[in-house]
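Asker: sharing a model prediction with you, sequence too.
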Amino acid sequence: SMSRTRLRYSVSRLGQNRIESDKGRIVFLFSFLFFLMIRRPPRSTLFPYTTLFRSRFTSTRHPPAVILAAGQGMRMDSKVPKPLTQLLGQSLIERAIRACATVGVRQFVVVVGHEEEQVSSHVHQLCDRLGLDVCCANAHNWSMGNGASTGAAASHLRAQPFFLLMADHLVDPEILKKLLADPPASDEVCLAVDRNHDQVFDLNDATKVRCVSGRVAETGKGLAEWDSIDTGAFLCAPEIFLAIEKVRLGGRHQLSDAITELASRGVVRPIDVTGCRWLDVDTPATLVEAERQLLSSLNKGGQDGFVSQWINRPLSTRLSKYLVRTGVTPNQITVASFLMSLIGAGFLAAGGYAVGALGGLLIQAASVIDGCDGEVARLKGIATPRGAWLDTMLDRYADIAITLGIVTAYVRHAPVPGMLPVTVGIVAATGFIL
């Protein structure tokens, strides 16, 4: 009888062990399948190569860009030519070129004059690195005015519309997109104008615009009546070169003289870009303002949570302000943040108050640094779908690692952990992915 009792007990224990073993296998299988599932990122970030491949064959042809970089810029009081003045790790002219490249421009004519060799060398090195076509047009009479500088680009262009920008203007790519959305007719010039006078940093120095019936009627810094501000961004038909030549024969050599001539014929059309960021960086004070505007543009507003808005974002922007002046890339920042998260998760898994607290601090620091990759990419104008995909993927893996670290610590130190921490961990990980 006692042997039968022992046999039944042994069979019962064996059955319980098998049940526990089966549960373990089920949990392992579920976790493995779940891991395979989360390895596949959202479709919008999974196929950057497919997106780039498709856009190569479906994108429309974009006009070339003429960038005026011939002036001396005496008011900037800089040791380098004004187009090469550094703004958060990039020259002013690099920011103008990158803004155009963002909307698809691949051909550039850069008009040089003052310190032409230094500016030309910088531009050629930059465009070679970016894979852009560029030629530098030498404006021998650049000192006469920016109209004369613009005329020097005529022989380098075909009979097609082209962007006309100033090397010392900070221009939001959205301005260029709005110009492209409403291109000029064969004899027109489209001028991007800002109707928000409060946004203008130095209103006294700004070029005013008066519009009548959807056309620019008059431009100038000393206008008594005006309703808009000239942003310095144009989409021009070749007709502008005829106007430049006409006013040159009359002894006038400013671009505004040619625009006034065209406006008198009713062929200058304003494009409202109110709300878009732009700034004429002409003095040390405007250079400081440009830096402030770029850094303030990193604030995501309502998209950030409480901790991100009041702790992480202020810290990350200060760090990004330093990082943009180094050779560190956004992808390197992404990987560094991910590795810090893994180390922090390991400290959490090890358990103990001191080690756990150190892991928590490391994870918080990784969260701050994680904000820098996107900030540096936006500040430098080098954000790519591939970089966003990498950031999204590693963020999710970091979340999973931290969750596993917390669950492991609980299982190791709880008296009777059971299945609850594993279940909660899986639910938490699922929440991170979704």
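Answerer: Happy to help now that I have it. Residues are numbered from 1 along each chain as shown.

Asker: what is the burial count for the nearest residue to Gln90 once chain neighbours are set aside?
Answerer: Computed as CB to CB, 6 or more residues apart in numbering, the closest residue to Gln90 that is not its neighbour in sequence is Lys380, at 6.1 Å. Heads up, the C-betas are built off the backbone N, CA and C, glycines and all. Neighbour count for Lys380, taken as other CB atoms under 10 Å: 19.

Asker: could you do Leu420 as well?
Answerer: Neighbour tally, Leu420, other CB under 10 Å: 12.

Asker: wait, the residue nearest to Gln90 touches Ser91, no?
Answerer: No. The criterion here is CB atoms under 8 Å, and Lys380 misses it with Ser91 at 11.6 Å.

Asker: on that earlier part again, please tell me how far the residue nearest to Gln90 sits from Gly387.
Answerer: 11 Å (CB to CB, to the nearest Å).

Asker: helix or strand right after the worst-scoring helix or strand of the chain on mean pLDDT?
Answerer: Sorted by mean pLDDT, DSSP states H and E, the helices and strands of the chain end with helix 48-58, the least confident at a mean of 32. Next along the chain after helix 48-58, taking DSSP states H and E as the criterion, comes strand 65-69.

Asker: what pairs with that next one, parallel or antiparallel?
Answerer: strand 107-112 (parallel), strand 162-166 (parallel) (DSSP bridges).

Asker: avg pLDDT for that strand?
Answerer: Averaging pLDDT along strand 65-69 yields 97.

Asker: let's have the chain start at 49 instead
Answerer: Renumbered: residue one is now 49, and that last one reads strand 113-117.

Asker: need the strands for the protein, in chain order.
Answerer: Along the chain, the stretches classed as strands by DSSP state E are 113-117, 134-135, 138-139, 155-160, 181-186, 210-214, 217-219, 237-242, 256-260, 263-268, 276-284, 316-320, 326-328.

Asker: for those, give me a markdown table that also has mean neighbour count.
Answerer: Output for those, formatted as a markdown table (neighbours: other CB atoms under 10 Å):
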| stretch | mean neighbour count |
| --- | --- |
| strand 113-117 | 28 |
| strand 134-135 | 16 |
| strand 138-139 | 21 |
| strand 155-160 | 25 |
| strand 181-186 | 17 |
| strand 210-214 | 25 |
| strand 217-219 | 23 |
| strand 237-242 | 25 |
| strand 256-260 | 19 |
| strand 263-268 | 20 |
| strand 276-284 | 25 |
| strand 316-320 | 21 |
| strand 326-328 | 22 |
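
Asker: related to what we said a few turns ago, need the strands paired with strand 113-117 in CSV (columns: mean pLDDT).
Answerer: Below are the strands paired with strand 113-117 laid out as CSV (pLDDT from 0 to 100):
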stretch, mean pLDDT
strand 155-160, 97
strand 210-214, 97
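
Asker: can you redo those strands as a markdown table with distance to Asp246?
Answerer: Formatted as a markdown table, the strands paired with strand 113-117 follow (distance: least, CB to CB, whole Å):
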| stretch | distance to Asp246 |
| --- | --- |
| strand 155-160 | 33 |
| strand 210-214 | 22 |
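
Asker: among these, which is nearest Leu363?
Answerer: Relative to Leu363, the nearest member of the strands paired with strand 113-117 by CB to CB is strand 210-214, separated by 34.5 Å.

Asker: that closest one vs strand 237-242, what angle?
Answerer: 40 degrees (axes from the mean of the first three to the mean of the last three CA atoms, to 10 degrees).

Asker: sorry, back to before: kindly state the pLDDT recorded for the residue nearest to Gln138?
Answerer: Residue-level pLDDT assigned to Lys428 equals 90.

Asker: show the contacting residues for it.
Answerer: Contact partners of Lys428, counting by CB atoms under 8 Å, 6 or more residues apart in numbering, are Leu136, Gly137, Gln138, Arg146, Val372.

Asker: so which of those are in helices?
Answerer: Under the assignment DSSP state H, the contacts of Lys428 contribute Arg146 to helices.

Asker: low-confidence ranges, the stretch 249-398 of the chain, go.
Answerer: Counting by pLDDT under 70, the stretch 249-398 of the chain contains low-confidence residues at 348-354.

Asker: run the last query once more with 50
Answerer: Across the stretch 249-398 of the chain, nothing is flagged by pLDDT under 50.

Asker: all helices for it, in order.
Answerer: Counting by DSSP state H, counting those that start in this stretch, the stretch 249-398 of the chain has helices at residues 287-297, 303-312, 332-344, 354-355, 361-371, 378-398.

Asker: pull out the buried residues from the fifth one.
Answerer: The neighbour-count criterion (16 or more other CB atoms under 10 Å) identifies Arg361, Leu363, Ser364, Thr365, Leu367, Ser368, Lys369, Leu371 as the buried residues of helix 361-371.

Asker: just to revisit the earlier point, now the contacts of Lys428: which count as buried?
Answerer: Leu136, Gly137, Gln138, Arg146, Val372.

Asker: measure the spatially most central residue of the chain to Arg154 for me?
Answerer: In the chain, the residue lying closest to the centroid (CA atoms, centre = their mean) is Arg426, at 2.5 Å. Going from Arg426 to Arg154 by CB to CB gives 22 Å.

Asker: equivalent analysis for Val336, please.
Answerer: 33 Å.

Asker: and those two? Which one has more around it.
Answerer: Arg154 (16 against 12).

Asker: quick check: that one touching Asp181?
Answerer: Yes. Between Arg154 and Asp181 there is a contact at 6.0 Å, judged by CB under 8 Å.
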